[in-house]
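Colleague: Sharing a model that was predicted from the sequence below.
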Amino acid sequence: GDSVTQTEGQVALSEEDFLTIHCNYSASGYPTLFWYVQYPGEGPQLLFRASRDKEKGSSRGFEATYDKGTTSFHLRKASVQESDSAVYYCALSDTEGADRLTFGKGTQLIIQP
Amino acid sequence: DTTVKQNPRYKLARVGKPVNLICSQTMNHDTMYWYQKKPNQAPKLLLFYYDKILNREADTFEKFQSSRPNNSFCSLYIGSAGLEYSAMYLCASSRERDWGISAETLYFGSGTRLTVL
């Protein structure tokens, strides 16, 4: 079945550091890829998504590029802020029927001021 | 208003007792989902309703039941809670996908944290 692997369980950075959170996926067909962000006390919310090879999704300074060749969708931000502290989930949606999301385990991002 | 509401925020249950969790959305979305989230695990899809049709995942088929009395409300029912049911339960909704267009966004509630003792 489909799967999503996030390498980092937790990332600790200082403000203005560069961020990379790795996401690799395994799926048949051509899934849509997502990054969701979950702030404390809230449910996950969509950060952005991409549906085609080489498509770049971006929002709030975060970006990721759909790479079918390496089956990856790594999240990057050039300069993180304390307010970016949250849990980040990579996810994919199957290509048929309802939008089942398969999630990665999530990466806890901690930004120290 | 893109709000999905879940009640209660925290729930305590006894082993062997039933549990009913409630979710509502006012976006007139066609599909409503229930996910289970345990520490250090990915959120796991338990079931979803597309309109009035219930779809339960194969590996949780017998453990969870659900009802959707109208478009706005959806419940998750556990007939006899076990310790392994302790988790965060996330409800989400999405509108109907337009065929040929990429997947729709899921809107999540804040979750209900269930503790079974």
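Modeller: Received the coordinates, thanks.

Colleague: Nearest residue to the residue of chain A found nearest chain B in space, please, no chain neighbours.
Modeller: At 3.2 Å from chain B, residue A:43 is the closest residue in chain A, using Cβ to the nearest Cβ. C-beta here means a position set from N, CA and C on the backbone, and glycine is covered the same way. Distance criterion Cβ to Cβ, 6 or more residues apart in numbering or on different chains; nearest residue to residue A:43, sequence neighbours excluded, is residue B:108 at 3.2 Å.

Colleague: quick one on the thing from earlier: could you pull up the residues touching the residue of chain A closest to chain B?
Modeller: Counting by Cβ atoms under 8 Å, 6 or more residues apart in numbering or on different chains, residue A:43 touches B:4, B:90, B:92, B:108-111.

Colleague: Make sure it is indeed in a helix.
Modeller: No - counting by DSSP: H, G, I helix; E, B strand; the rest coil, residue A:43 is not part of a helix but coil.

Colleague: Quick one: end-to-end distance for stretch A:22-40.
Modeller: Stretch A:22-40 has an end-to-end distance of 22 Å (criterion: Cα to Cα, to the nearest Å).

Colleague: Which of the contacts of residue A:43 sits closest to residue A:76?
Modeller: Distance to residue A:76, by Cβ to Cβ, is smallest for residue B:108 among the contacts of residue A:43, at 23.8 Å.

Colleague: Helix or strand for the spatially most central residue of chain B, just tell me which one.
Modeller: What sits nearest the mean C-alpha location of chain B, by Cα atoms, centre = their mean, is residue B:34, with 2.1 Å. Applying DSSP states H and E as the criterion places residue B:34 in strand B:31-37.

Colleague: Next SSE downstream of that strand?
Modeller: strand B:44-50.

Colleague: Other residues contacting that following strand?
Modeller: A:98, A:100-102, B:30-38, B:54-57, B:60, B:64, B:66, B:68, B:74, B:76.

Colleague: same deal with stretch A:57-71?
Modeller: The contact list for stretch A:57-71 (Cβ under 8 Å, 6+ apart) reads A:23-26, A:30, A:33, A:35, A:47-56, A:73-79.

Colleague: interface residues of chain A facing chain B?
Modeller: Residues of chain A lying close to chain B by Cβ under 8 Å from any Cβ of the partner chain are A:4, A:9, A:31-32, A:34, A:41-46, A:49, A:51, A:89, A:93, A:98-106.

Colleague: how about whatever residue of chain B ends up closest to chain A, what does it touch?
Modeller: Nearest to chain A in chain B, going by Cβ to the nearest Cβ, is residue B:108, at a distance of 3.2 Å. Residue B:108 makes contacts with A:43-45, B:4, B:90-92, as judged by Cβ under 8 Å, 6+ apart.

Colleague: So what does residue A:100 have for phi and psi?
Modeller: phi -60, psi 130 (degrees, to the nearest 10).

Colleague: what's the pLDDT at the nearest residue to it once chain neighbours are set aside?
Modeller: Nearest in space to residue A:100, with sequence neighbours left out and distances taken as Cβ to Cβ, 6+ apart, is residue A:94 at 5.2 Å. Listed pLDDT for residue A:94 reads 75.

Colleague: now do residue B:100
Modeller: Reading off the confidence values, residue B:100 has pLDDT 57.

Colleague: likewise residue A:39?
Modeller: Looking at residue A:39, its pLDDT stands at 96.
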